[in-house]
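Student: Could you work out the structure for the sequence below:
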Amino acid sequence: MSAATALERAAAVRLMAFDVDGTLTDGGLQIGPSGEAFKRFSVRDGMGLVLLREAGIRVALVTGRSSAIVEQRARELRIDTVLQGVGDKAAAMRELCAQAGIAPAQAGFMGDDWPDLPAMMAVGFAAAVPDAAPEVRRVAHWTATAPAGGGAARELAEHLLRTQGRLDAMLGRFDGRVA
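Tutor: Have a look, this model is predicted:
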């Protein structure tokens, strides 16, 4: 795919969905003696999701696992759309697009492994983390250089905002250039 086509796809994104394990986390799970699971999230990735939301791009989490930890992180970031225990991520993305009143070409999905492929192929913009399965990287229109759970989602957010001409305005809110 040409770079122009990938940029055009990124420019059209109005809804960006993310897998959680292996995308917003490094994919590792720490399990305590009572069976409680722990996941590590990047603060910078969280800020990237907030920037997307504040720029008017809807943000959703779509994951095959179910976890109270994911619900807690979504609340912290004020992400309203959290779909857990999802077996058919493509169907979930089609439903999210219908609810948002947008075409699938205006949606994106970032993933890392085979269960994410159907969602990635159902949307207009597919993104991958750098250590994603080779099959996932092959269908991705864009691949992060920062690691999963360590800046990949933030890098994607900045890419989308830059492509859509919104990055300077968002940065200006913090550095005083733009009110």
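Student: ok, then the element right after the helix or strand of the chain with the lowest mean pLDDT?
Tutor: In the chain, the helix or strand scored least confidently by mean pLDDT, DSSP states H and E is strand 37-38, which has a mean of 82. Next helix or strand after strand 37-38 toward the C-terminus (DSSP states H and E): helix 43-54.
Student: That next one: which residues count as buried?
Tutor: Asp45, Gly46, Gly48, Leu49, Val50, Leu51, Leu52, Arg53 (16 or more other C-beta atoms under 10 Å). To be clear about C-beta, it is placed using only N, CA and C from the backbone, and glycine gets the same treatment.
Student: Quickly name whichever of those residues is closest to Ala11.
Tutor: Within the buried residues of helix 43-54, the smallest distance to Ala11 is 13.9 Å, found for Leu52 (C-beta to C-beta).
Student: and Ala144, what are its phi and psi?
Tutor: phi -70, psi 160 (degrees, to the nearest 10).
Student: cool, and Gly124?
Tutor: phi -80, psi -30.
Student: How about the contacts made by it?
Tutor: Gly124 makes contact with Arg9, Ala12, Val13, Ala103, Pro104, Ala105, Gln106, Ala107, Gly108, according to C-beta atoms under 8 Å, 6 or more residues apart in numbering.
Student: which residues touch the least confident helix or strand of the chain?
Tutor: Counting by C-beta under 8 Å, 6+ apart, Leu29, Gln30, Ile31, Gly32, Ser67, Ile69 sit against strand 37-38.
Student: Neighbours of the fourth one, how many?
Tutor: In other words, Gly32. As a burial measure, Gly32 scores 8 neighbours (other C-beta atoms under 10 Å).
Student: what's Ala140 in contact with, if anything?
Tutor: Contacts of Ala140 by C-beta under 8 Å, 6+ apart are Met120, Ala126, Ala127, Ala128, Ala132.
Student: Likewise for Val50?
Tutor: Neighbouring residues of Val50 by C-beta under 8 Å, 6+ apart: Leu77, Arg78.
Student: same thing with the one 5 residues further on?
Tutor: Ala55 makes contact with Leu161, Gln164, Arg166, Met170 under the criterion C-beta under 8 Å, 6+ apart.
Student: Can you verify my assumption that Arg137 contacts Ala127?
Tutor: No. Arg137 is beyond contact range of Ala127, at 10.2 Å (criterion: C-beta atoms under 8 Å).
Student: which one of these two has more residues nearby?
Tutor: Legend: neighbour count by other C-beta under 10 Å for Arg137 and Ala127, higher for Ala127 (30 against 15).
Student: hang on, the more buried one in a helix?
Tutor: No. Counting by DSSP: H, G, I helix; E, B strand; the rest coil, Ala127 is located in no helix; its state is strand.
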